[in-house]
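K.L.:
turn this into a model:
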Amino acid sequence: MTAQHDIRLFLADVDGALVTKDKVLTEAAKAAVRELDHAGIAFAITSGRPPRGMSMLIEPLALRTAVAGFNGGVLVNPDLSVIESHTLDPAAAKQAVKLILDKGLDAWVYTETEWLIRDKDAPHVARETWTVKFDAKVVASFTDAHLAHAVKIVGISDDLDLVAACEKAAQQTLGEKASAARSQPYYLDVTHLLANKGTVVETLSKLLNIPPAQIATMGDMPNDVLMFRKSGFSIAMGNASDEVKAQASAVTDSNENEGFANAVRKFVLRSTAA
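P.N.:
Numbering: from 1, shown residues only. So this is what the prediction gives:
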């Protein structure tokens, strides 16, 4: 890891990092993004959420950079026009759904534009609807036609050990065919191999002509570690696991205690001034 000097882009995860547990974008977080802008540092967001599910953040943060939804599965401009999209291989998508259901988790399928579920009363559907601000479409089953357009498949369970075990099984089974990583303790995200947050760093580096060494990243979950490894400086949230914290250059406060805003001031702006 290089020292945190000359940072030109700050890339942050959304849930568990930029927003609070209740999905609130605080005034301090908005002010911190304005301070980055004044210092000439670009700011970008990435999330397991679909791009539509981040649209409510674009205006309050005055975002001008690409927004990386589905862990980089779909990159969009701030007007939500698609820059690039990585659809899962249909056979890998089918295999992922079967594995998730066989392990006893529920499954969701996301296409570029739709969120497909089998039961509107299943765990986390109501919460996710409130978070992303659009409704899922209920289907009897996931057909080949759905899976031909799948950008992300999610395995869901409140048995957190089961989700962790399913993550390992999916990584072993899917191998080089797809990326499988937890975006929340209760969500397992399966995406195209190039749809991971490490690739988001590389893509933004090319789009903005900023070397990865001058990019700082922030997150709280195992799927954020890939972007930690690709960036010059990385910040783990105080609410991250010890496993995630161990892989970051620095640790900030929790997302309930202005961890994002504090990190901007302590690690990014201070280092730039220095």
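K.L.:
the closest residue to residue 55 other than its chain neighbours in helix, strand or coil?
P.N.:
Spatial nearest neighbour of residue 55, chain neighbours left out: residue 80 (6.4 Å); criterion: Cβ to Cβ, 6 or more residues apart in numbering. C-betas here are computed from N, CA, C, even on glycine. Secondary structure assignment for residue 80 (DSSP: H, G, I helix; E, B strand; the rest coil): coil.
K.L.:
any idea how far residue 80 is from residue 249?
P.N.:
The gap separating residue 80 from residue 249 is 32 Å, by Cβ to Cβ, to the nearest Å.
K.L.:
repeat for residue 208
P.N.:
As it turns out, when the distance is counted by Cβ to Cβ, residue 208 lies 21 Å from residue 249.
K.L.:
quick one, which of those two is more surrounded?
P.N.:
Set side by side, residue 208 and residue 249 show unequal neighbour counts under other Cβ atoms under 10 Å, the larger going to residue 249 at 18 against 15.
K.L.:
surely that one meets residue 217?
P.N.:
No. Between residue 249 and residue 217 there is no contact under Cβ atoms under 8 Å: 9.3 Å.
K.L.:
list residues touching both of the two?
P.N.:
When Cβ atoms under 8 Å, 6 or more residues apart in numbering defines a contact, the residues bordering residue 249 and residue 217 alike are 228, 233-235.
K.L.:
so which of these is the most crowded?
P.N.:
So for those (other Cβ under 10 Å), the most neighbours sit at residue 235, 31 neighbours.
K.L.:
look up the closest residue to that one, ignoring the ones flanking it.
P.N.:
Closest residue to residue 235 apart from its sequence neighbours, by Cβ to Cβ, 6+ apart: residue 218 at 4.3 Å.
K.L.:
past the host helix or strand of that neighbour, which element shows up next along the chain?
P.N.:
Following DSSP states H and E, the helix or strand that holds residue 218 is strand 215-219. Elements were assigned by DSSP H and E; along the chain past strand 215-219, the next helix or strand is helix 225-230.
K.L.:
buried set for that next one?
P.N.:
Residues 225-228, 230 are the ones in helix 225-230 that count as buried (16 or more other Cβ atoms under 10 Å).
K.L.:
mean confidence for it?
P.N.:
Per-residue confidence for helix 225-230 averages out to 97 on the pLDDT scale.
K.L.:
brilliant, that's me finished.
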